[in-house]
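Engineer: Here is the input, now give the coordinates:
(4 chains)
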4 protein chains.
Amino acid sequence: MLVEIFTTGGTFDKLYFDALSDYRIGEPMVGELLQQARVGFDYRIESLLKKDSLELDDADRALIRQRVAASNASHVLIVHGTDTMTLTAAELADIPDKVMVLTGAMQPARFRDSDALFNLGLAIGALNCCPPGVWIAMSGRIFAADGVRKNRLAGRFEENAS
Amino acid sequence: MLVEIFTTGGTFDKLYFDALSDYRIGEPMVGELLQQARVGFDYRIESLLKKDSLELDDADRALIRQRVAASNASHVLIVHGTDTMTLTAAELADIPDKVMVLTGAMQPARFRDSDALFNLGLAIGALNCCPPGVWIAMSGRIFAADGVRKNRLAGRFEENAS
Amino acid sequence: MLVEIFTTGGTFDKLYFDALSDYRIGEPMVGELLQQARVGFDYRIESLLKKDSLELDDADRALIRQRVAASNASHVLIVHGTDTMTLTAAELADIPDKVMVLTGAMQPARFRDSDALFNLGLAIGALNCCPPGVWIAMSGRIFAADGVRKNRLAGRFEENAS
Amino acid sequence: MLVEIFTTGGTFDKLYFDALSDYRIGEPMVGELLQQARVGFDYRIESLLKKDSLELDDADRALIRQRVAASNASHVLIVHGTDTMTLTAAELADIPDKVMVLTGAMQPARFRDSDALFNLGLAIGALNCCPPGVWIAMSGRIFAADGVRKNRLAGRFEENAS
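Structural biologist: Residues are numbered from 1 along each chain as shown, chains lettered A, B, ... in the order given. As a prediction, this is how the structure comes out:
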């Protein structure tokens, strides 16, 4: 299995800048976390964007879509902010023959108590097992991309009761 | 999804006893890690055994098998030492109608640099996506239980080229 | 040794609120860190304020001063934001017969890579060894309160070359 | 302040070897921890020994003594196993004109819940503040080298009521 990994920013990669006393998107953490996970598959990592997902615009999503579609890998992981993860997922819906999984984090990976490392494992589990299509790996669950919403108050992804 | 979780010991739960300058199997870490992961599914945790997997005997495996078979949950996670994980998996092979996933860790969950949290996510990913059967979630991969071996030297699970 | 600990907020206690995608001052971390440190002295912890130190005003500093002066403990630790730590230290200068140490953090204690636990140890080292007076424990050094400044760009406390 | 740091092994530097399912002394952690601490003083680190302190013999202690005495630094930190820390400290007692601090850990620095980073801060605090002599920095306290014992059962260093 070769996994193509695109990072786009989001809480997952946030760090803390004391000089300004606020949070910023830092360098992608996914490579470091995959080393910690001692994984036995091949992967490539590319940092496409470094934005809060609320700041992603149409051009950003077009870029993500174009890069995913153009990849020669059949397994693609996208690290993404949680607030608009479902919008980006919808954009990828008609790309054929690829397992595409989006994940993110409610707490930055640099926190001791972060969910990032777990979510990364969850997403890799889905990449191993799921059929082609777009999947969202959050809150310990694998959701079809069009069947999920973020419950911001509860800090959790849930089925989208439509 | 209701996940029944049985812990059996192994590196995953090891702690360090300064009083004797050695390690022991401690209380299961899986509950704490699932809280950190902020998961949105139901689960039960039971500590069945606290052993290095090299010390598990036939009676221990019979106990594990009996408890998995008797569970009313269709999704079962077993936290297990890595050295004989495949033996226990083989024991479960003919239990019908359940997704059963075994995982463990190469470094104790109590270490800063542990693979345990990732492996737990990986296993939960498999529980979400895999069909009924016995699966091993290690090294960033999901293996059919009869198609995998531990490469002790490389510190990694690999396909069992038979 | 009985140590009276007052917390006032600052980076040390910051957490990350995904619901608003920003940070806030959380509950004091010092108690949890002292447990991790397995310390063998007595202490009391009180959360006086929960503010960025840039937001502390004269009334806040008067409160801190009043509470330190009124304490029956001869050893006082103040966890404080770094930006105005020296101002609060100056306010305490004429309180007699107490060892008073201020410390803080450049990275929140909840980060994996935080300096908070080290700085806490450093401050406790100063409380054990220093004579009465006001001391600042930051950047691996113990400074007399009137001989130090924060170099915001370098992210470090330095001697105040006056 | 230039700090000469000698590491000798002990729990502080223990890691976990899955290949043998036991603990070993790994590479010294002190450099990584001082980077995390963002310290503003100069230091040199040398790994003298990699042993449990119960395994240190007279030749080992003679080596430590010789290297401390020969150092051109006036501030020396020794990272040491806790079980015989007081014996090594006694060996250094008559070296003049140096502040010498020994510290260690009850839990390996590689653990999430380790006291190592705190103890390192504590020791650096003592190096900043204490007069020449031999000091032991453990359990949140700074002890004169001849006034302390390890209470193995309690997992704590205490005054040596003689």
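
Engineer: contacts and neighbour counts: CA atoms only from here.
Structural biologist: Noted.

Engineer: A:Lys98 reaches A:Trp135, doesn't it?
Structural biologist: No - A:Lys98 lies out of contact with A:Trp135 (CA atoms under 8 Å); the separation is 10.8 Å.

Engineer: more crowded one of these two?
Structural biologist: Legend: neighbour count by other CA atoms under 10 Å in any protein chain shown for A:Lys98 and A:Trp135, higher for A:Trp135 (28 against 20).

Engineer: that's a helix at A:Asp68, yeah?
Structural biologist: Let me fix one detail, which is that residue A:68 is Val and not Asp. Yes - A:Val68 sits within a helix when classified using DSSP: H, G, I helix; E, B strand; the rest coil.

Engineer: Next up, the contacts around it.
Structural biologist: Each residue near A:Val68 by CA atoms under 8 Å, 6 or more residues apart in numbering or on different chains is listed here: A:Val76.

Engineer: The closest residue in space to A:Gly10 that isn't next to it in sequence and A:Ser139, how far apart?
Structural biologist: Once flanking residues are discounted, A:Gly10 sits nearest to A:Gly81: 3.6 Å by CA to CA, 6 or more residues apart in numbering or on different chains. Noted for A:Gly81: a distance of 14 Å to A:Ser139, by CA to CA, to the nearest Å.

Engineer: Only C-alpha atoms, please: export the biggest strand by length in chain A in CSV.
Structural biologist: In chain A, with assignment by DSSP state E, the single longest strand is strand A:42-51. Extracted in CSV, the C-alpha atoms of strand A:42-51 (Å, rounded to 0.1, in the frame of the first residue of the first chain):
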residue,chain,number,x,y,z
ASP,A,42,5.0,3.4,2.1
TYR,A,43,3.8,7.0,2.0
ARG,A,44,4.5,10.4,0.6
ILE,A,45,3.6,13.7,2.4
GLU,A,46,3.0,17.0,0.8
SER,A,47,1.9,20.2,2.5
LEU,A,48,-0.6,21.8,0.2
LEU,A,49,-2.1,24.5,2.4
LYS,A,50,-1.7,25.8,5.9
LYS,A,51,-5.1,27.2,6.8
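
Engineer: Tell me the strands beside that strand, with direction?
Structural biologist: strand A:2-9 (parallel) (DSSP bridges).

Engineer: picking up where we left off before, how far does the longest strand of chain A sit from the chain's center?
Structural biologist: 10 Å (CA atoms, centre = their mean, to the nearest Å).

Engineer: Could you give me the buried positions within it?
Structural biologist: Of the residues in strand A:42-51, those with enough neighbours to count as buried (16 or more other CA atoms under 10 Å in any protein chain shown) are A:43, A:48-51.

Engineer: Need those in JSON lines (columns: pLDDT).
Structural biologist: What follows is the buried residues of strand A:42-51, written out as JSON lines (pLDDT from 0 to 100):
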{"residue": "A:Tyr43", "pLDDT": "98"}
{"residue": "A:Leu48", "pLDDT": "97"}
{"residue": "A:Leu49", "pLDDT": "96"}
{"residue": "A:Lys50", "pLDDT": "95"}
{"residue": "A:Lys51", "pLDDT": "93"}
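
Engineer: Could you identify the most distant pair in those?
Structural biologist: A:Tyr43 and A:Lys51 (22.6 Å; CA to CA).

Engineer: Distance from the chain centre to stretch A:137-152, please.
Structural biologist: For stretch A:137-152, the distance to the chain centre is 12 Å (CA atoms, centre = their mean).

Engineer: hmm, I was thinking of stretch A:76-92
Structural biologist: 6 Å.

Engineer: for that stretch, how far is the first residue from the last?
Structural biologist: 11 Å.

Engineer: Cheers, nothing more for now.
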